[in-house]
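Chemist: The following comprises the amino acid sequence and a computationally predicted model.
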Number of protein chains: 2
Amino acid sequence: MRAKRLPREVRERQILDAAVTVFSQNGYHSASMDEISEVAGISKPMIYAYLGSKEDLFAACIHREATRMLEAVVGGIEVGQPPDVQLWHGLRSFFGFVGEYRESWRVLHRQSLTQGGPFTAELMSMRQRAISLVAAVLMQTGSDEGVGAAASESGEALAAALVGAGESLADWWLDHPEQSAGAIAATLMNLVWMGFGNLVDGRIWRPPAKPA
Amino acid sequence: MRAKRLPREVRERQILDAAVTVFSQNGYHSASMDEISEVAGISKPMIYAYLGSKEDLFAACIHREATRMLEAVVGGIEVGQPPDVQLWHGLRSFFGFVGEYRESWRVLHRQSLTQGGPFTAELMSMRQRAISLVAAVLMQTGSDEGVGAAASESGEALAAALVGAGESLADWWLDHPEQSAGAIAATLMNLVWMGFGNLVDGRIWRPPAKPA
DNA sequence: CCGAGTACCTACTCTGGAGTAAGGCTACGG
DNA sequence: CCGTAGCCTTACTCCAGAGTAGGTACTCGG
């Protein structure tokens, strides 16, 4: 069946959408260009004409979705706020994004670690941006209040751990969707801000009164 | 070149070693059986004769390495100790393992999330065992001291977050090897036990006097 | 010394799937 | 109404790499 004639811009979006869907299902290698073209409702050579090789296509997917996600998170943070509130809003935005765009998340995370392809660059870069962002929020705490030596020395490491915790929790959430995004965000916020030692004593962190 | 005649048991170990090496470098899909056979110093049909298909081989690798790792972690924990000490020793053992067997870690983690193959079962199971183990340690805190409601309700989620933080920090460590395994473990221990809120105030967690 | 079993090899087959050559259809400017 | 630019397709080529057929050497019990 011959597809209706459409401007390039529109087709490119359709192709990317289809690619994200297919990649998210079974990973980069298991996805075939034929299947992507079928889902996109277009023939294979169009993909090559517009987006280049399979690797290029994957890189383009990663780039688009990563940008979307980081924009969502950054957009959720208000600069004037105290650091715990910033972190809280960042987490809420992150889990909100994951909940709303599961496919995007899957393609970003579940396929991300399979280093090997040249698209690794794209992924490393996005991950690094995430870590840097978190580190910045955490360390700003420091400049405001004179952060403890232990915290400031290992800022990047702490940020990496936090990012990993978020990723892992997001995955766990996909398999246990009974909770809301807010509840998940609160769980992580508590772990990371209060620490388990405090949680045991029943001390928990709560968002400030003004409803978020 | 004809290889020297060796008993099956020995060859199987050599093959598994080679497979772990190759899989850890570029992931499951990029690894070829030809390359594995070459690294193992043996010809391809031997692999098929002894370990079965490529998927079987990968599953066998995962199984062996996961068992090793969990044994290392479990072996590092002493049951009588208070929970924070147990967690501390577990973390030390974990990062010790990662530092010593980088290839094992890579094959376990970096390839693990690419869902799709039937070996996913093996991976899910090992991850679940890790999460359960952590959850058990954390929750035991509860039964000892009457854990806060917030902590007990989301025990599995907290464990998932902690496991993810550990994994992510381990990856980060591979790229920043300047610190010792103990230092990395201490970083995570502090984040997770004290929480960032306390770290900012300079309160940190320390292992009990008796040198670990 | 001789089977027979087990380690081991060379040299294939065969398929999935990336990427392409070559050309048809449609809209729009002139 | 015609040409040309750009959307779109069918129908290939081609190769990496999983898996195998079939045969060779070594070794050990008898």
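Modeler: Everything's here; your move. Numbers count the residues shown, from 1 in each chain, chains lettered A, B, ... in the order given.

Chemist: Find the nearest non-adjacent residue to the residue in chain A positioned nearest to DNA strand D, please.
Modeler: Nearest residue of chain A to DNA strand D (C-beta to the nearest atom of the strand) works out as A:Ser43 at 3.1 Å. In this view, the C-beta of every residue, glycine as well, is placed from N, C-alpha and C. Counting by C-beta to C-beta, 6 or more residues apart in numbering or on different chains, A:Ser43 lies nearest to A:Ser37, which is 5.8 Å off, once chain neighbours are set aside.

Chemist: Just list what the helix or strand harbouring A:Ala136 packs against, helices and strands only.
Modeler: Assigned by DSSP states H and E, A:Ala136 belongs to helix A:120-145. Using 3 or more C-beta pairs under 8 Å, 6 or more residues apart in numbering or on different chains; DSSP states H and E, the elements in contact with helix A:120-145 are helix A:54-76, helix A:83-100, helix A:149-153, helix A:155-175, helix B:196-200.

Chemist: Can you tell me which residues in chain A are near DNA strand C?
Modeler: A:2, A:5, A:30-34, A:44-45, A:48, A:53-55 (C-beta under 7 Å from any atom of the strand).

Chemist: So which of those residues belong to helices?
Modeler: Of those, the ones assigned to helices by DSSP state H are A:30, A:33-34, A:44-45, A:48, A:54-55.

Chemist: Out of the residues you listed, flag the one nearest to A:Gly99.
Modeler: Closest approach to A:Gly99 among these (C-beta to C-beta): A:Ser30, at 25.0 Å.

Chemist: The closest one and B:Val85, how far apart?
Modeler: 44 Å (C-beta to C-beta, to the nearest Å).

Chemist: In which helix or strand does the residue nearest to A:Ser43 reside?
Modeler: helix A:33-40.

Chemist: For chain A, name the helix or strand with the lowest mean pLDDT.
Modeler: Lowest on mean pLDDT, DSSP states H and E among the helices and strands of chain A sits helix A:149-153, with a mean of 57.

Chemist: Closest to the centroid, which residue in chain A?
Modeler: In chain A, the C-alpha nearest the mean C-alpha coordinate belongs to A:Met69, at 5.2 Å (C-alpha atoms, centre = their mean).

Chemist: Which pLDDT value does the model give the closest residue to that one other than its chain neighbours?
Modeler: Distances taken as C-beta to C-beta, 6+ apart place A:Phe97 nearest to A:Met69, at 5.4 Å, with adjacent residues excluded. With respect to pLDDT, A:Phe97 scores 97.

Chemist: ok, how many other residues are close to A:Phe97?
Modeler: 23 (other C-beta atoms under 10 Å in any protein chain shown).

Chemist: quick one, what contacts it?
Modeler: A:68-69, A:72-73, A:104-105 (C-beta atoms under 8 Å, 6 or more residues apart in numbering or on different chains).

Chemist: Equivalent analysis for A:Glu35, please.
Modeler: A:Val22.

Chemist: What parts of chain A come near DNA strand D?
Modeler: A:1-8, A:11, A:42-46, A:49.

Chemist: let's go with 10 Å and repeat that
Modeler: Residues of chain A lying close to DNA strand D (C-beta under 10 Å from any atom of the strand) are A:1-12, A:14-15, A:33-34, A:37, A:40-50.

Chemist: For A:Leu70, which residues are in contact?
Modeler: A:Leu70 is in contact with A:126, A:129-130, A:133, counting by C-beta under 8 Å, 6+ apart.

Chemist: low-scoring pLDDT stretches of chain A, where are they?
Modeler: A:112-118, A:141-153, A:210-212 (pLDDT under 70).

Chemist: can we see that at 90?
Modeler: Chain A contains residues with pLDDT under 90 at A:1-4, A:26-30, A:79-84, A:108-128, A:134-156, A:171, A:174-175, A:194-212.

Chemist: I'd like to know which of the helices and strands packed on helix A:120-145 lies nearest to A:Arg110.
Modeler: helix A:155-175 (7.6 Å).

Chemist: Buried residues, that closest one. List them.
Modeler: For helix A:155-175, burial by neighbour count (16 or more other C-beta atoms under 10 Å in any protein chain shown) applies to A:155-173.

Chemist: How about the secondary structure of A:Trp205?
Modeler: Of the three states, A:Trp205 takes coil under DSSP: H, G, I helix; E, B strand; the rest coil.

Chemist: wait, it sits on A:Leu188?
Modeler: No. Contact criterion C-beta atoms under 8 Å: A:Trp205 and A:Leu188 do not qualify, at 10.4 Å.
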